[in-house]
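*Asks:* coordinates only, no sequence provided:
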């Protein structure tokens with residue numbers, strides 16, 4: 001029986017099969033420096049802490065079956081330029097996007113900031129999810145995504 005068929009059987013029957021449920025947590029191995037302006041940049045989550053089901057690869061989670069998935073993004077940045085009109089962190093999924101956005105209107109560049117996204121997302125089998133940053137066409141490409149950032153998710157129902 002395929003992994004998707006096995007998971008569907010457990011979910012359809014209402015049984016809990018925690019060892020079969022997809023779940024992952026990934027971190028960043030080294031600082032992703034100088035995120036460019038006027039661009040969308042995928043965050044490089046290249047250090048898998050765990051990947052139950054082997055559904056996370058190349059910074060992207062791929063849903064093995066249709067269901068509701070809890071995703072959590074904790075993106076710790078340094079050196080955010082206050083000359084930027086906005087800085088946006090996006091959890092990009094096949095069905096829709098989820099945002100945390102800031103307009104950094106402070107007197108000095110932001111030394112430390114944490115973008116956080118927590119969402120229960122509907123996913124179809126084969127749908128994907130990954131994290132991106134978008135900076136508008138103002139300010140400098142000086143913001144860095146730090147190694148204590150993480151991206152996690154798991155099948156809820």
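*Replies:* Perfect, thanks for sending it. No experiment lies behind these values; they were computed from the predicted model shown.
*Asks:* what's next to stretch 29-39, contact-wise?
*Replies:* Applying C-beta atoms under 8 Å, 6 or more residues apart in numbering, the contact partners of stretch 29-39 are 41, 43-44, 46-47, 77, 84, 133-147. C-beta: built from backbone N, CA, C; applies to glycine.
*Asks:* could you rerun that using 7 Å?
*Replies:* 41, 43-44, 46-47, 133, 135-139, 141-147 (C-beta atoms under 7 Å, 6 or more residues apart in numbering).
*Asks:* cool, and stretch 85-103?
*Replies:* 71, 73, 75, 80, 104, 115-117, 119, 121-123, 127-136, 138, 143.
*Asks:* so what's the spatially most central residue of the chain scoring on pLDDT?
*Replies:* Centroid-nearest residue in the chain: residue 131, 3.7 Å away (criterion: C-alpha atoms, centre = their mean). As predicted, residue 131 sits at a pLDDT of 98.
*Asks:* for residue 106, see how far away it is.
*Replies:* 24 Å (C-beta to C-beta, to the nearest Å).
*Asks:* what's the answer for residue 151, then?
*Replies:* 27 Å.
*Asks:* have a look at these two and say which one is more surrounded.
*Replies:* A direct count of neighbours by other C-beta atoms under 10 Å for residue 151 and residue 106 places residue 151 higher, at 25 against 10.
*Asks:* tell me which residues form a beta bridge with residue 102?
*Replies:* When bridges are called by DSSP bridges, residue 102 pairs up with residue 87.
*Asks:* any idea how many residues pack against it?
*Replies:* 16.
*Asks:* residue 116 too?
*Replies:* Based on other C-beta under 10 Å, the number of other residues close to residue 116 is 11.
*Asks:* now it, what's its secondary structure?
*Replies:* strand (DSSP: H, G, I helix; E, B strand; the rest coil).
*Asks:* give me every residue that touches it.
*Replies:* 73, 74, 100.
*Asks:* among those, which are in helices?
*Replies:* Judged by DSSP state H, helices contain none of these.
*Asks:* which of those residues tops the neighbour count?
*Replies:* Result: residue 73 is most packed of the contacts of residue 116 (other C-beta under 10 Å), 25 neighbours.
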